[in-house]
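Peer 1: no sequence on hand, only this structure:
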């Protein structure tokens, strides 16, 4: 019998593209000077797929030098570049990185490396501030994130690119394909994971293909959101477009909201604040309201399952991979006790859309 889930293999993006041979900070500095005319110091940044460096010039300017994983499809890398260029024109005030061309005018450089690989190199603006996960949450900050997420979706609404339809298992529409990975989850947690996947397949999956589809960021978790250091109620940056893909627009909101659920007796309260702010900018329709709660829960399941599976495959990167796993599990337990119908009604009330 053929494998019903052929998407799961070592080359698929579920693996996050295993890290290629390391590039030194010294070599990153050489690339910046040679191709961008920037004498600068380089400091390595955490990354799952690419190798990224924070550059600081002598006069204090800061940039990010991104060196793509050589295994990543060039069309996917270019998708991210073109999306950022599109957003710069569509919504110039949106706090996303800007692309700086090399001295030869190229927005992307194909650079050969000593290991025989050729890697795409790009220079982006550095988004200064504090990662959202490191600041105290507030309703004002969540509302600002909701507005930024809505503007981001609105800005990408008319963006078109041949690489936007690449298949990514982190895309909620493919959540059913997690089933072969559930064994990586601790045995006492698998029952709830399976129950949530069953509900996704019964309630959300049948309608996703009928909802508005467009390119979306797809990973607005607190590690990819930068907060203004002088005003912790304001978003100063949205980073890491590595999971950008074309999917149902509401999926992007579900991903964002899944990280704003509380481990409390009213777990949806903070997410409702974000969703209401999003709705005020990019209104949800009735069908999107109907599936949003189930999609939020499913994103939590995806975080638990995929990170558990990847941690077993790449134990050397276990800490980074599992950084969102335990919080997602705690919130998922809270959400599992809610009635989907009541949760949907709570979300509608928050958006004045009953």
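Peer 2: Here it is on my side, so go on. Quick caveat, the model's predicted, so the values are computed rather than measured.
Peer 1: when you work out contacts or count neighbours from here on, use the C-alpha atoms and nothing else.
Peer 2: Will do.
Peer 1: how about residue 165, nearest residue that isn't a chain neighbour?
Peer 2: Of all residues not flanking residue 165 in the chain, residue 246 sits nearest, at 5.5 Å (CA to CA, 6 or more residues apart in numbering).
Peer 1: quick check: that neighbour vs residue 218, distance?
Peer 2: From residue 246 over to residue 218 the distance is 9 Å, taken as CA to CA, to the nearest Å.
Peer 1: which one of the two has more residues nearby?
Peer 2: residue 218 (25 against 22; other CA atoms under 10 Å).
Peer 1: sorry, back to before: list the contacts for the residue nearest to residue 165?
Peer 2: 164, 165, 166, 213, 214, 215, 216 (CA atoms under 8 Å, 6 or more residues apart in numbering).
Peer 1: cool, residue 181 as well?
Peer 2: 305, 306, 309.
Peer 1: mind listing what's buried along the stretch of helix or strand the second one belongs to?
Peer 2: Think residue 306. Using DSSP states H and E, residue 306 falls within helix 286-313. Neighbour counts over helix 286-313 (16 or more other CA atoms under 10 Å) mark 288-311 as buried.
Peer 1: try stretch 162-180
Peer 2: Buried-residue list, stretch 162-180, by 16+ other CA under 10 Å: 163-165, 167-173, 175-178.
Peer 1: next one: stretch 323-338
Peer 2: Within stretch 323-338, the residues that count as buried by 16+ other CA under 10 Å are 324, 325, 327, 328, 329, 331, 332, 333, 334, 335.
Peer 1: where's the residue nearest to residue 166 when sequence neighbours are not counted relative to residue 32, distance?
Peer 2: The shortest distance from residue 166 to any non-neighbouring residue, by CA to CA, 6+ apart, is to residue 245 (6.7 Å). Per CA to CA, residue 245 is found 29 Å from residue 32.
Peer 1: pairing partners for the residue nearest to residue 166 in the sheet, please.
Peer 2: Taking DSSP bridges as the rule, residue 245 bridges to residue 216.
Peer 1: I'd say it and residue 165 touch.
Peer 2: Yes: between residue 245 and residue 165 there is a contact under CA atoms under 8 Å: 6.3 Å.
Peer 1: wait, isn't residue 229 in contact with residue 130?
Peer 2: Yes: Residue 229 is within contact range of residue 130, at 5.9 Å (criterion: CA under 8 Å).
Peer 1: how many residues are close by residue 132?
Peer 2: Counted with other CA under 10 Å, the neighbours of residue 132 add up to 21.
Peer 1: next one: it, what pLDDT does it get?
Peer 2: You'll see residue 132 listed with a pLDDT of 97.
Peer 1: could you do the one 5 residues further on as well?
Peer 2: Reported pLDDT at residue 137 in the predicted model: 89.
Peer 1: tell me which helix or strand comes right after the lowest-mean-pLDDT helix or strand in the chain.
Peer 2: When the helices and strands of the chain are compared on mean pLDDT, DSSP states H and E, helix 318-321 comes out lowest with a mean of 84. Downstream of helix 318-321, the first helix or strand assigned by DSSP H and E is helix 325-336.
Peer 1: now do the following helix or strand past that next one and helix 325-336, the angle between them.
Peer 2: Past helix 325-336, further along toward the C-terminus, the next helix or strand under DSSP H and E is helix 340-350. Relative orientation of helix 340-350 versus helix 325-336 (axes from the mean of the first three to the mean of the last three CA atoms, to 10 degrees): 100 degrees.
Peer 1: which elements pack onto helix 340-350?
Peer 2: Here helix 340-350 touches helix 269-281, helix 286-313, going by 3 or more CA pairs under 8 Å, 6 or more residues apart in numbering; DSSP states H and E.
Peer 1: of all those helices, which one comes closest to residue 347?
Peer 2: Among the helices and strands packed on helix 340-350, the nearest to residue 347 by CA to CA is helix 269-281 (5.8 Å).
Peer 1: any stretches of this protein with poor pLDDT?
Peer 2: Scanning the chain for pLDDT under 70 picks out 1-20.
Peer 1: closest to the centroid, which residue in it?
Peer 2: Centroid-nearest residue in the chain, with CA atoms, centre = their mean: residue 219, separated by 1.5 Å.
Peer 1: SS state for that residue?
Peer 2: coil (DSSP: H, G, I helix; E, B strand; the rest coil).
Peer 1: wouldn't it be in contact with residue 253 here?
Peer 2: No: with contact defined as CA under 8 Å, residue 219 does not reach residue 253; the gap is 9.6 Å.
Peer 1: with the contacts of residue 246 in mind, which one is nearest to residue 96?
Peer 2: Nearest to residue 96 among these, with distances taken as CA to CA, is residue 216, at 13.4 Å.
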